[in-house]
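> fold the following for me, if possible:
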Amino acid sequence: MSKQEVLHRYSQSITLLKKESTDAGISEDEFQKLYFDSLKSHNITAERNPQRRYTKYFTIVLITLTVLCMVYNYKAIYSYLICNLQEYIYPGLRLIRKLSIPFISLFPALTELYQEPCLIQNPFFTVVDMDCWPCSSINNVRQAKNPQPTNQQQSAPFIYETEQSAIKMHTLRQIYMQNKEIFDNEAPKILTNNKFHTTPQDLFENIHIDDKNLYIWKSTNFNVARILRQVIPRPKVVPKFGQSTERFIIIDSSQSSFHVPDTECNFSFLLSLSGARTVQLRPAEECKHQCKSLKVELKESHLLWYNWWYWRPVVQSSSGNNTFIAHVGSYC
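Alright, predicted model coming up:
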């Protein structure tokens, strides 16, 4: 389209717009004022566009150079921040805690996350060049007669008979009913068949004789640990100080195979409260080429001690109909 055609169409548009303004009751002076004001605003916008474009390019270049300098001097910047921010870490965390109180009061269910040592586990975590000599020479699970509190140098798994009295399903139900409010508030979730969660009330008030499920009841609270300590005393192999408040109660009536949950501390124990099952100690992924897989019969009231750093216990399937109830704990 030529310039003459463009000007002609523009002239026609102005004439049509002037006619519509006259029909709307706008005088010629008002129309001229509006027309020239629109030209001025158009000229200002046209003048600002190049400036905005240059500002945008300058900002992008500046950010790119800043990022490159930070990457190049990463170690120096990291060392500087670590050295100068140490004294602000705890005051900052204390401030965050105070600021979160109103939010927690609105959503009290979030308080249970505070007790978790790990919110999200990394399934691909491995230790590079892990030293596997503590388990490389172990060929069986030894039977201990009178074990003493295990020190930090112990790594070979062993089993022994405790003085723990048998705890059946009705005993657990009685403990729950006597402390229902504490359990419902501080240990409200029970993992069922490693798929979904249920509540203690659903477990103990609606359980059936033909129930064939696996229940893993986890607690990380002091009040729950104090209640369980009354019926499950601290095993003699566990030192007086250092036991984790984390507790697992396993109720298995499915007779299927399952992995024993990972504990907070690496010195762990599996105590049979009712029933008997075969437990396979599989070496950790990093040591599976140097260490052997072991099997042991875990009878009622017997305790299996193992180092979680080297062994991963798996309870084997059973052909019996007895419900297997066990307690899992650890210490550091």
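
> show me where the stretch 151-300 of the chain has its helices.
Here the stretch 151-300 of the chain has its helices, by DSSP state H, counting those that start in this stretch, at 169-178, 180-186, 200-205, 222-231.

> any chance of those in a markdown table with distance to Leu214 as columns?
Heads up, the C-betas are built off the backbone N, CA and C, glycines and all. Output for those, formatted as a markdown table (distance: least, Cβ to Cβ, whole Å):
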| stretch | distance to Leu214 |
| --- | --- |
| helix 169-178 | 14 |
| helix 180-186 | 19 |
| helix 200-205 | 12 |
| helix 222-231 | 20 |
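
> tell me, how many residues neighbour Pro235?
Neighbours of Pro235 under the rule other Cβ atoms under 10 Å: 21.

> distance check, it against Arg282.
To Arg282, Pro235 is 23 Å away according to Cβ to Cβ, to the nearest Å.

> now do the strands in the chain.
For the chain, applying DSSP state E gives strands covering 142-143, 158-161, 190-192, 196-198, 214-219, 247-252, 258-259, 267-274, 277-283, 294-298, 302-307, 311-315, 324-331.

> and the angle for the fifth one with helix 169-178?
Calculated by axes from the mean of the first three to the mean of the last three Cα atoms, to 10 degrees, strand 214-219 forms an angle of 40 degrees with helix 169-178.

> list the helices and strands strand 214-219 packs on?
Secondary-structure packing of strand 214-219 (3 or more Cβ pairs under 8 Å, 6 or more residues apart in numbering; DSSP states H and E): strand 190-192, helix 200-205, strand 247-252.

> mind doing that once more with 10 Å?
helix 180-186, strand 190-192, strand 196-198, helix 200-205, helix 222-231, strand 247-252, strand 258-259, strand 324-331 (3 or more Cβ pairs under 10 Å, 6 or more residues apart in numbering; DSSP states H and E).

> and those: which comes nearest Ser165?
Nearest to Ser165, of all these, is helix 222-231, at 8.2 Å by Cβ to Cβ.

> list the contacts of that closest one.
Helix 222-231 is contacted by residues 115, 164-165, 167, 171-172, 174-176, 178-179, 182-183, 185-187, 217-219, 221, 232, 243-247, 249, 273, 327, 329 when judged by Cβ atoms under 10 Å, 6 or more residues apart in numbering.

> shouldn't Lys292 be in contact with Cys132?
No - look at Lys292 against Cys132 with Cβ atoms under 10 Å: they stay out of range, at 11.2 Å.

> any residues in contact with both of those two?
Common contacts of Lys292 and Cys132 (Cβ under 10 Å, 6+ apart): Pro283.

> the more surrounded of these two?
Between Lys292 and Cys132, counting by other Cβ under 10 Å, Cys132 is the more crowded of the two (18 against 15).

> tell me the pLDDT of that one.
In this prediction, Cys132 carries a pLDDT score of 81.

> repeat that for Ile227.
With respect to pLDDT, Ile227 has a value of 85.

> report how many residues lie close to Trp309.
When neighbours are counted by other Cβ under 10 Å, Trp309 registers 18.

> quick check: phi and psi at it.
phi -70, psi -30 (degrees, to the nearest 10).

> ok, and the closest non-adjacent residue to it?
Ranked by Cβ to Cβ, 6 or more residues apart in numbering and with sequence neighbours excluded, the top spatial neighbour of Trp309 is Asn266, at 4.5 Å.

> residue contacts, the residue nearest to Ile250 when sequence neighbours are not counted?
Leaving aside its sequence neighbours, Ile250 sits nearest to Ala326 (Cβ to Cβ, 6+ apart; 4.4 Å). Contact analysis of Ala326 by Cβ under 10 Å, 6+ apart lists 167, 216, 248-252, 260, 270-275, 277, 279, 298, 300, 303-304, 315.

> going through these, which ones are buried?
Buried members of those, counted by 16 or more other Cβ atoms under 10 Å: 167, 216, 248-252, 260, 270-275, 277, 279, 298, 300, 303-304, 315.

> for stretch 200-209, list the C-alpha coordinates in PDB.
Extracted C-alpha coordinates of stretch 200-209, given in PDB (Å, rounded to 0.1, in the frame of the first residue of the first chain):
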ATOM      1  CA  PRO A 200      -6.000 -46.600  66.000                       C
ATOM      2  CA  GLN A 201      -9.700 -46.500  66.700                       C
ATOM      3  CA  ASP A 202     -10.500 -48.200  63.400                       C
ATOM      4  CA  LEU A 203      -7.900 -50.900  64.200                       C
ATOM      5  CA  PHE A 204      -8.900 -51.800  67.700                       C
ATOM      6  CA  GLU A 205     -12.600 -51.200  67.600                       C
ATOM      7  CA  ASN A 206     -13.400 -52.800  64.200                       C
ATOM      8  CA  ILE A 207     -10.800 -55.600  64.000                       C
ATOM      9  CA  HIS A 208     -12.100 -59.000  62.900                       C
ATOM     10  CA  ILE A 209     -10.900 -62.500  63.600                       C
END
